[in-house]
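Engineer: only geometry, no sequence info:
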């Protein structure tokens, strides 16, 4: 007869980007007395990575716990961006219910559908919370109706469709059963979580089963395996077995057990069934493996993850300026860093290429790979990366490519230009809704390669007002050729330092990426040409000095400020024959072949092979 842990609940908070997950967890922690009365706490306290704070998004799933009326609620905050869906899938393997957060104005968006579909497939009960009901454009009744339609569209069963609905203002820490009657705290929400989430069930006397769903590191004890105890118990010093993915069993000894309380981990001597803990001493354990009883091993099913759809090539920095900024420069360093990423991130794959200095890295999307690159450069690595490419497959002799479901919110006056832009990229409109507020929601199905580089074009065409979200929508037939970028590049033809005089004469040729006083080398891309072809230019030319003064000679040089590209923008802007050179201090765009005559011969051969 199964037993239950009535004092414990495990719940994951899922939502689209920026719908308030981390802010809601902040409010839970404040109201549960985790912080001292005089403790200074930053907003979005669980977003502890520098990148998470800078970008305002959650990248890694994190777990905390709050006490509510004698019940400990383990809360897992998950990423909202589709590129980090691997974190969401693993998180759902640890919990017994899902708290679905939806913005009271924006309503369900692509990632809402994605995470809800995963939760319903695992037969998890869902609690719906409509957040930000204080917004001036809030429409809670319509949003609830849209959520109900989403449940029906995802084939929810009759038990899942009768979900509880709450309303909240996470920023002020208030919740209630009606949008216009919020309580002074989050008690109504916590009560609903305790009532709706099934307590963990287990079989007394069952051998140990601990599924590893995440990895962490401790400076003293090394790798920590984070996961949930499904059956049995574990004590400090226990001898355990690690059931590997290949079917083998490795012996290990538990050297540390840690459980999350508030923002910190507390060391434990014992952990029982249903608890989410971190265990040290398991060697090189990886995500998806099971820690079990060595005398009676019973491994759990390995965590399955959606396939990657985008690939990029990561290589050793080969530019003339290599080694000026970074500490880790060789292919051995780069491979060790990528292998370390694969251990903890099952959504990333690393494959060898024909070159020992270059590796193919596959992932869910451009942002996921850009975050990996940014983390590496901040750790002191120098590397060069290629333009993202989609991963195709062949089914019954036909080439198939990944497609994305795209949702756009744009002002009414830009509907035409956005529709035309996506039509040129083989996009097909599936829905259009005019909310009557001056904004229109457009939904498209677009080949994934059609979105590479589209965000920059979109923001330019809509004067920065458009909001774009996209989600992997399966494989389908090859859509045909899609026009690459329409403009060529301005390429430096020599090594040197740029001068204001040279750039002043070049700025009418197109958009510049460098300002005066910048070191450049032959083959480095310094700007975008206004014409379709590439142009080799001399950005280091100095003004000839004579002893004759003229009015023209005394004219002031007025330079347009150069465009400073972020890492994501640089990856989007490069062409098939270009790379982004990434160092801790610099981002440079460059041609694959730096020598201009060799580059011309390579382009001629490519044209002849078409």
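Structural biologist: All right, it came through fine. Please read all numbers here as calculations on a predicted model, not as lab measurements.

Engineer: Now do stretch 158-165, average pLDDT.
Structural biologist: Average pLDDT, stretch 158-165: 84.

Engineer: Next, the residues that contact that stretch from outside, please.
Structural biologist: 120, 123, 125-130, 144, 148, 151-152, 177, 192, 196 (CB atoms under 8 Å, 6 or more residues apart in numbering). All C-beta spots, glycine's among them, are computed from the backbone N, C-alpha and C.

Engineer: Identify the farthest-apart pair in those.
Structural biologist: Of all pairs drawn from these, the greatest distance, 25.4 Å, lies between 123 and 177 (CB to CB).

Engineer: more crowded one of the two?
Structural biologist: Ranked by neighbour count (other CB atoms under 10 Å), residue 123 and residue 177 place residue 177 first, with 14 against 10.

Engineer: State the distance from the more buried one to residue 381.
Structural biologist: Distance, residue 177 to residue 381, using CB to CB, to the nearest Å: 51 Å.

Engineer: ok, residue 236 - how many residues close by?
Structural biologist: Neighbourhood size, residue 236 [other CB under 10 Å]: 16.

Engineer: right, I mislabeled it, should have said residue 271
Structural biologist: Using other CB under 10 Å, residue 271 has 23 other residues around it.

Engineer: ditto for residue 181
Structural biologist: When neighbours are counted by other CB under 10 Å, residue 181 comes out with 9.

Engineer: Ok, the one 4 residues further on next?
Structural biologist: The local packing count at residue 185 equals 16, with neighbours defined by other CB under 10 Å.

Engineer: Quick one: list the elements packing against whichever strand or helix holds residue 26.
Structural biologist: Under the criterion of DSSP states H and E, residue 26 resides in helix 21-31. Judged by 3 or more CB pairs under 8 Å, 6 or more residues apart in numbering; DSSP states H and E, the packing partners of helix 21-31 are strand 8-15, strand 62-68, strand 71-77.

Engineer: Where do the strands of the stretch 151-300 of the chain begin and end?
Structural biologist: All strands of the stretch 151-300 of the chain, identified by DSSP state E, counting those that start in this stretch, fall at 165-169, 174-176, 201-202, 209-218, 222-231, 234-235, 239-243, 249-253, 256-261, 264-268, 270-271, 276-280, 290-292.

Engineer: Looking at the third one now, give me its mean pLDDT.
Structural biologist: Taken as a whole, strand 201-202 carries a mean pLDDT of 90.

Engineer: Note down every partner strand of it and its orientation.
Structural biologist: Note on strand 201-202: by DSSP bridges, its sheet partners are strand 3-4 (antiparallel).

Engineer: who's in contact with the partner strand?
Structural biologist: Strand 3-4 is contacted from outside by 199, 200, 201, 202, 203, 204, using CB under 8 Å, 6+ apart.

Engineer: Just list whatever residues bridge to the nearest residue to the first one once chain neighbours are set aside.
Structural biologist: This means residue 199. Closest residue in space to residue 199, ignoring its immediate chain neighbours: residue 4 at 4.5 Å, by CB to CB, 6 or more residues apart in numbering. Applying DSSP bridges to residue 4 yields these beta-bridge partners: residue 201.

Engineer: 13 is where my numbering starts, stick with that
Structural biologist: Sure, I'll start counting at 13 from here, so that last one is residue 16.

Engineer: What about residue 16, how many residues nearby?
Structural biologist: Neighbour count of residue 16, defined by other CB under 10 Å: 13.

Engineer: again with residue 284
Structural biologist: Counted with other CB under 10 Å, the neighbours of residue 284 add up to 15.

Engineer: Now it: phi and psi?
Structural biologist: Here is the backbone geometry of residue 284 (degrees, to the nearest 10): phi -110, psi 180.

Engineer: Looking at the residue nearest to residue 82 when sequence neighbours are not counted now. What's its pLDDT?
Structural biologist: Distances taken as CB to CB, 6+ apart put residue 19 closest to residue 82, at 6.7 Å, once the chain neighbours are dropped. Residue 19 carries a pLDDT score of 88 in this model.

Engineer: Isn't residue 19 up against residue 83?
Structural biologist: Yes. Between residue 19 and residue 83 there is a contact at 5.8 Å, judged by CB atoms under 8 Å.

Engineer: Pick out whichever of those two has more residues nearby.
Structural biologist: For residue 19 versus residue 83, the count of surrounding residues by other CB under 10 Å is larger for residue 83: 17 against 12.

Engineer: While we're on that one, how confident is the model there?
Structural biologist: pLDDT, residue 83: 88.

Engineer: Good, we can wrap up now.
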